[in-house]
Each structure stands twice: as structure tokens, then as C-alpha cells.
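**Student:** Sequence plus the predicted model coming up.
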Amino acid sequence: MHFSLATSRTPLFYFDPNEETSVCFNPDSGDTHLLSTLAAVALSELGDETLSVADLTQILKSRFDAASAGEIETYAPTLMEELSNLGLVKIHE
Amino acid sequence: MRPYNENLAIGPYTYRIRTTLRNVAAGLQALYRDFPRADASAFVDFDIALRSHGILPWRKLSRFGFDGRDQFGPVPVHQAYASLEWGMNWCVSVHCNEYLKLHAAVVASDAGAIIMPGVPGAGKSTLCAALGLSGWRILSDEHALIPPGSRQVVPLCRPVSLKNESIDVIRSFSRDAVFGPPSLDTHKGTVQHMKGDLHPESHATDPVPVRALVFPRFSRDEPQRLRARPRTVSFVLAAYHSFNYSLLGEDGFHAMRHLVEAAPCFDLVYHDLEWAMGALERMPAGEALPQSAEMS
Amino acid sequence: MTTLIDALNDPQSVMHLRPLQLSALMSQARQAGLLAALRVHLDRAGVLAPLPADVTRHLDSASLAQTKQARDLRFEVRCLRDALAPAGLSPILLKGAAYIIGELPAGDGRIISDIDLLTPHAAIPAAESALIAAGWITGPLDDYDEQYYRRWMHEIPPMAHKSRGSVVDLHHTILPPTAAPHVDAGRLFESLKSTSLEGVLALGNCDQVIHSATHLFHESEFHHALRDLWDLNQLLRDFETSVVSAHGAVAGAEGGASVNGAADRVDQGGAGGDFWSMLEERACALDLGTPTYLALRYASRLFGTPVPADTLNALRPPLARARSLLWDPLFLRGAFSLDYPGDRPRGRAFALWLLYLRGHVLRMPLRLLVPHLVRKAVRRGAVGKGSENVA
């Protein structure tokens, strides 16, 4: 399974390094979402590229504590599905 | 009583207000007597006329005219004053997009302005009235007007709308409060407006720097507290309580980000007005709070 | 003549308005739904920047709201296209949505209230189920309303998207089947043209004009009459020149009609013939000569639209001279006048009431009309009681 951005431009983000949530603005729909910072980082990494679950997990592991690596591995596909439901991510089988 | 016909300078706008309804004219004379008058030949932003409607003497109605056209359904004449104030809010809520508009009460001390977004019933108006009666400057009971890209709020001082038990709370809080006519049995219950321009600077028009965003909530059952809250969550909540955040699209996002980056955010849970006011006086300044980062 | 019409016809004239006249202009434009369109027009004429900031902020505010609406419309239309695709249908946009997505001058600053789509009558059930599958729902209607729409109207009950709230009206022709002119709806699908969105269509140029005119002059409510007439003025001026540039000698360097999508703009009426004669032919073929005549008459009267006298003469309905004794006061004093400032033209309310009846008579035979009007009056009374607050 591969993923890419579903929006025509990169979404806009507002991060606060001390907070577990981030704000994400979808430039196509005009919707604003409150995402977990993990989801927001995943989204900002997607850019124009199409990434696999493994690529994505690798990137997220390098950005977040090694302790949560296991969680990231199990959580990543669900996360992508949720982002797809919000119209932010496109899933390629 | 003579019909009321004045051009009032209210914050950045000029309202022309005319009415032949006696209770509405009396309310206007009480609550807007100290407002500056705009020149009669000057540009008018909002032209409002309240006139009586219907021929049945026991069922007198009032109509709200805007741009020379009846705008909403008629209301019973004993609710006319509240309908005027709501209509005046509506003018700004619906027709003005030069600012990012948050649904919020705004008060200021020498330390700057505090924006208090809140759902109806959260107690923002009660707190706003009490602060106004205690020496704070009321910048608005309804709209926080933020010029996009700034960290300032533009004053739009008008009477404070109080509902049901809040009216008695404020009456017993201060004998100095001046009230307009009560509007009974509205969809919000009994509504009465309090004169809001109580500060020497009330009618100054310069923007005021924003010191904090405080989200008030009235609760008898919880311990009172003023506590920092996440900025990202506050961003989304303030956007949700905005009249035109989504209308402004990307510009709205940037305007809100710019504001929230600069203003520390707090939750305020209270049931005692004196305690809440003290907490706001002692509120820490922004520098102790975490810095924000932006990525895009 | 109102301040607004003067400003639209001669943007330079706003430079000489006093502050209170500018207030009246803003009020009139807001009331007519033309504030954002006025901004576009003043900006093009170079008179926006010199206006005082307390005036331009109203124009800018309306323009921001319109921009947001156009952005949302684009998003919605894409959703509609994707929703209809499985049924093998392409959305055909009507009126405001067509002007905006078609990127016509009439779409600049145009505000819309809902999205009107045209679908062949036979395809309505398929379109309806495709939309339902994609999240559009029909609001709660009582049996009477449901019957009213399905049996007598040219559209099915409006559908709203359950999460986004956008409202879509599906039409299968441009007039109710009960109305006197019998429009052969099938002909409307002969000359569709593309828009700025792939897979999204609009009526051909002449049909857009005829549809807009028919809509305006068969209406019962005239809140947006002036705006609709302004649309017509814009469409006519635009289509007239776009046909000339494709057919006439001026096309020159462009090398014919196929460059820059210009082919889409000349796809009806066949070769030869200019826009006005195509319009005339088409209006007669669709049995909609009278509304088209009225549109041309009042657009040229109020906005100076350069309509050739021959076209007007050809479309003039029987007894036009006598009928205009009634039409002129009704439309000029009623439909196309504005309430502001305060002193509305004498007889405006009466003229509007007559127009309300006229609209109903035009759309339905009298036997149907009476029960519907009675019913509507009763329901209005019932609604009026509940909606007394504004906040």
C-alpha cells in the first residue's frame, strides 16, 4: 500500500513543539483540522512523493521517540486511512 | 417622546438609527447617550430603522429595516430593543470581512486586551460587565475584530447583553450599572442591556495589543481555576467561535496563527466574579509560556 | 434611475458622489446582491482605489465572501462530477454556477444561493440515486410539497449534502411542464459546451441567455431581478464579441476558432450567422421568444446593452405595444427598482404583488394555481409565527 497527498497543494500547519496536537489547513476544501502531531508530521513528509507504509514508519520513527516505535508501526496504516477520510491523503493499493 | 434619529460613531463604523418606537428610543437614549455622533452628511455604514408594524393594538409588532428593506420577521414590540441590538451585531457579523472576527467579549487594562471567546451561557458577558464596572475598559461584548496579520484588536464598544439571572447578578454587583429596557420571553429568555462605555477611553478607536485569549466557563461544581491551555486546541476552538474564519480561507488561517502565536491561552473556570477578576488581574504575562513554532 | 444602475453604467460617476450618495450606493448594491460584482466593475474602470477606505471596505468584504463562495462552488462541483460519474452522467451547470465555473465575465463577483443542474428527464432517477449514494439527501418535505415538485415542477425537491450542507437543484427542463410555452427540453442538450472543469458542462451561449431570460420573466419573486438583468447584459455583451472574434475577420492571427478553447464558444447555430440571429432563431425554436424579447428590451433600456433593432423587432410578441403599457410599470417600478433609500417608488409593492401573481399564472394553469397559492399563504402564516428572532 502506498500513500500520497490528496490536496493540490501542501496543507498549512501550525505546530507547537510542546503540544501533542497540531493544526492543519486543507487548501482545497478550506477545512481546518486538529490532528495529532504524529499525523501532522506524517502529512508534511508526504509532500509530492508517494510513500509506502515502511517508508513512512521509518520517517516517523526517526522523528519521534524510539520508545513509541512499536506503536508507530501498528498505528501508521490506520492513521493513513483516517487522513484519507478527511480528504488529505490518497491511498494507492 | 420624539422619534430617535442619530448617526452614531461606534468603533470603526457609523450606524444611522431611526425609530418611532418609544421603548426603543428610551433605551437608545439611556445606553448610547455618551456615544460620539457622526456628522449627518458623513458616510453611513449601516442604516437601521425600527418601525411599528401591525394594526392590532394588543399585538404591536416591530420591524427591523436594513438598507430600506425589512430584514427579519416582525417581533413583539416588547422585544424590539433586544432585536435592535441583535440586528446591530448582525450588521457586523454578516457584512464585514476586513477583520478576522471572533465571537468573543473583549476587555482591556493597561497590560493589554483579553479576548474571551465563548459559547452563549459560558458567562463571558457577565464577566465582561463586572470587569467594566470595576475599571476595565470594555472593547466589545460580542466581536473581537483582529486586523489580519496583526496582534491587535479593534475596539467596538456597545452595550453588554445580559440574560436571565445574570441581570440580577450584575444589579447586585454594582449600583452604578445603567440598564436599557428589558426584553421578555425572547428565544434567550429575558434579555437586558447594560451601558458599556464606562471607561474614559471607551470611544477611542486605536487598536489595542492582545495580551491573552481566555476561554471562560461558569461552573458551580468545579474548583475555580485559571490554567494555561494548548495553543493548537485554542486555535481550533477560537476558529470554531469565529464568524468568518473559514470565509477568509488561507488568510484566516494565517491571521489566527499570527494571533495565537503571540497570545498565551487560558481556561478560566469560575463561579465567583471577584475571584475571576482577581485571577485575570494576576494573570502571568506571555513570556513564561512556551514558544510556538510554525511549519508550512 | 437608481444610483446603482448609474454606477454600473458609468463607473466614473461614482467619483463625484457625496458620502451619503455612496452610502445609498452600498445599500442598493448589497440589497440587489451586486456588491461584489460592483467591486469588479469599479476595479476594472480604475475607480476603486480612489474611493475612501470606509466605502471600499464594504466592497472588499462582499468580494471576500464571494471569493469564498466561488471556491466552495468549485469544490462542490468537483464532488458532484465525481458523484455522477458512476451513473455515466456529467453535471450540466445552469445560471450562476455556469457563469462562475465557465469563467464568464458574468461570473465575476456573482453570488449564488444554490447549485442548479440540468439532467435529461429520463436520467433523473439515476442522477438522484447517484447523489444519494454520495451523501446528498432530500430535506423533510410533506406529501403535498413532494407531489407538487414531482408532478408539476421542472425540478425535483432540492437536495442538500448531509455534512457540507451545499444545496443542489436538479432540473430536467427550464420551465415547469405546466407552463404555456412547451419547451422541447431535448434540444437543450444539443449544444452543450465545456467549462473550466473537466467533465463539467454548461448550456450553449444562446441557451444560457434564453434560460436566464426565461427564469427571470417567469419568476414570482423578484428579489434578484436587477442582478439577473445585469447577468443578461453581461452575457449578451460577452457572447456578441466572442462570436464576432471567431467568425469575423478579426480572428486573423488566432487562425480560426479552435485555439484557446474558442471552439466551445461557437458551437451552436452552425456556420455563418452572427450571435444575434442565432439567438433569435434559437429563442423561436424553443418557443421562448417572449421572455427573450423582454430580457433584450429591459437590458438595453437599463444597461444600454447594444441589441440590434432587427433582433428586437423579430422577437417582438403580438400586441407588444399594448402589453408594454402594463409591462413597463410592472418591471421598471416593481422588479427592477430598489427599496433604498427609504422612499420606495410609488406602487412598488403593488407592482411586485401583480408580478407575483403573473409568475404563478405563467407557470401553472389556473386550476392548479389556486390551491397552491392558498396553501402557500397558509404555510407562510404558520412559518411566520416561529421565526421572530434574529440572533
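**Tutor:** Thanks, I have the structure now. No experiment lies behind these values; they were computed from the predicted model shown.
**Student:** From here on, just use CA atoms for contacts and neighbour counts.
**Tutor:** OK.
**Student:** Around chain B, which positions in chain A sit nearby?
**Tutor:** Residues of chain A lying close to chain B by CA under 8 Å from any CA of the partner chain are A:10-19, A:21-23, A:25, A:27, A:30-34, A:44.
**Student:** Which of the residues you listed are buried? Put it as a ChimeraX command.
**Tutor:** Provided next is the ChimeraX selection string for whichever of the residues of chain A next to chain B are buried by 16 or more other CA atoms under 10 Å in any protein chain shown:
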select /A:10,11,12,13,14,15,16,19,21,22,23,25,27,30,32,34,44
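**Student:** Next, find the distance separating residue C:45 from residue C:54.
**Tutor:** 19 Å (CA to CA, to the nearest Å).
**Student:** more crowded one of the two?
**Tutor:** With other CA atoms under 10 Å in any protein chain shown as the criterion, residue C:45 and residue C:54 differ in neighbour count, and residue C:54 comes out ahead with 16 against 12.
**Student:** Excluding chain neighbours, what is closest to residue B:76?
**Tutor:** Nearest residue to residue B:76, sequence neighbours excluded (CA to CA, 6 or more residues apart in numbering or on different chains): residue B:61, at 4.4 Å.
**Student:** ok, now which ones touch the one you found?
**Tutor:** If a contact means CA atoms under 8 Å, 6 or more residues apart in numbering or on different chains, then residue B:61 has B:52, B:53, B:54, B:74, B:75, B:76, B:77 as its contacts.
**Student:** so of the residues you listed, which ones are in strands?
**Tutor:** For the contacts of residue B:61, the ones inside strands are B:52, B:53, B:75, B:76, with DSSP state E as the criterion.
**Student:** Do I have it right that the first one meets residue B:65?
**Tutor:** Pointing back at residue B:52 there. No: here residue B:52 lies out of contact with residue B:65, judged by CA atoms under 8 Å, at a distance of 10.7 Å.
**Student:** buried set for the top helix by length along chain A?
**Tutor:** Of all the elements of type helix in chain A, the one with the most residues (DSSP state H) is helix A:69-85. In terms of neighbour count (16+ other CA under 10 Å), helix A:69-85 has its buried residues at A:69, A:72, A:73, A:76, A:77, A:79, A:80, A:81, A:83, A:84.
**Student:** just stretch C:2-11 next, same as before
**Tutor:** Within stretch C:2-11, the residues that qualify as buried are C:3, C:4, C:5, C:6, C:7, C:8, C:11, counting by 16+ other CA under 10 Å.
**Student:** thinking again about what came up before, what about the ones in strands among the contacts of residue B:61, which one has the most neighbours?
**Tutor:** Neighbours here mean other CA under 10 Å. Within those, the largest count is held by residue B:75, at 24 neighbours.
**Student:** Give the full set of residues in contact with residue C:61.
**Tutor:** B:95, B:96, B:97, B:98.
**Student:** The same query, at a cut-off of 6 Å, please.
**Tutor:** B:96, B:97, B:98 (CA atoms under 6 Å, 6 or more residues apart in numbering or on different chains).
**Student:** Write a ChimeraX command that selects only the buried members of those residues.
**Tutor:** Restricted to the buried members of the contacts of residue C:61, where burial is judged by 16+ other CA under 10 Å, the ChimeraX selection command reads as follows:
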select /B:96,97,98
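**Student:** Rebuild the contacts of residue C:61 as a markdown table, extending it with pLDDT and distance to chain A.
**Tutor:** What follows is those, written out as a markdown table (pLDDT from 0 to 100; distance: CA to the nearest CA, whole Å):
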| residue | pLDDT | distance to chain A |
| --- | --- | --- |
| B:96 | 95 | 20 |
| B:97 | 96 | 16 |
| B:98 | 96 | 19 |
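**Student:** Just the closest of the contacts of residue C:61 to residue C:128, please.
**Tutor:** Comparing these against residue C:128 with CA to CA places residue B:97 closest, at 36.7 Å.
**Student:** That closest one: what's it in contact with?
**Tutor:** If a contact means CA under 6 Å, 6+ apart, then residue B:97 has residue C:61 as its contacts.
**Student:** which element is it on?
**Tutor:** For residue B:97, there is no host helix or strand (DSSP states H and E).
**Student:** Equivalent analysis for the one 10 residues further on, please.
**Tutor:** Counting by DSSP H and E, the secondary-structure element that holds residue B:107 is strand B:100-109.
**Student:** what's the answer for residue C:168, then?
**Tutor:** strand C:167-171.
**Student:** so where's the stretch 151-296 of chain B uncertain?
**Tutor:** Scanning the stretch 151-296 of chain B with the threshold set as pLDDT under 70 gives B:285-296.
**Student:** which stretches of it form helices?
**Tutor:** Per DSSP state H, counting those that start in this stretch, the stretch 151-296 of chain B carries helices over the ranges B:165-173, B:231-240, B:250-262, B:273-281.
**Student:** With distance to residue C:119 and mean neighbour count as new columns, can the ones you listed be given to me in JSON lines?
**Tutor:** Supplementary listing: the helices of the stretch 151-296 of chain B in JSON lines, determined by distance: least, CA to CA, whole Å; neighbours: other CA atoms under 10 Å in any protein chain shown:
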{"stretch": "helix B:165-173", "distance to residue C:119": "56", "mean neighbour count": "16"}
{"stretch": "helix B:231-240", "distance to residue C:119": "37", "mean neighbour count": "21"}
{"stretch": "helix B:250-262", "distance to residue C:119": "35", "mean neighbour count": "21"}
{"stretch": "helix B:273-281", "distance to residue C:119": "61", "mean neighbour count": "15"}
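**Student:** returning to that earlier point: how far does the next helix or strand after the longest helix of chain A sit from the chain's center?
**Tutor:** Per DSSP H and E, the first helix or strand lying C-terminal to helix A:69-85 is strand A:89-92. Centroid separation for strand A:89-92 versus its chain: 11 Å, with CA atoms, centre = their mean, to the nearest Å.
**Student:** and strand A:89-92, which strands flank it?
**Tutor:** Each strand pairing with strand A:89-92, determined using DSSP bridges, is listed with its direction: strand A:2-5 (antiparallel).
**Student:** I would like the residues contacting the strand it pairs with, please.
**Tutor:** Residues beyond strand A:2-5 that count as contacts (CA under 6 Å, 6+ apart) turn out to be A:50, A:51, A:52, A:89, A:90, A:91, A:92.
**Student:** Next step: the residues of chain A next to chain B restricted to helices.
**Tutor:** For these, membership in helices holds for residue A:44, with DSSP H as the criterion.
**Student:** picking that back up, out of the ones in strands among the contacts of residue B:61, flag the one nearest to residue C:315.
**Tutor:** residue B:53 (45.0 Å).
**Student:** got JSON lines for the helices of the stretch 151-296 of chain B, with distance to residue C:167 too?
**Tutor:** Putting the helices of the stretch 151-296 of chain B into JSON lines (distance: least, CA to CA, whole Å) gives the following:
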{"stretch": "helix B:165-173", "distance to residue C:167": "40"}
{"stretch": "helix B:231-240", "distance to residue C:167": "22"}
{"stretch": "helix B:250-262", "distance to residue C:167": "24"}
{"stretch": "helix B:273-281", "distance to residue C:167": "45"}
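**Student:** Nice, that's everything, thank you.
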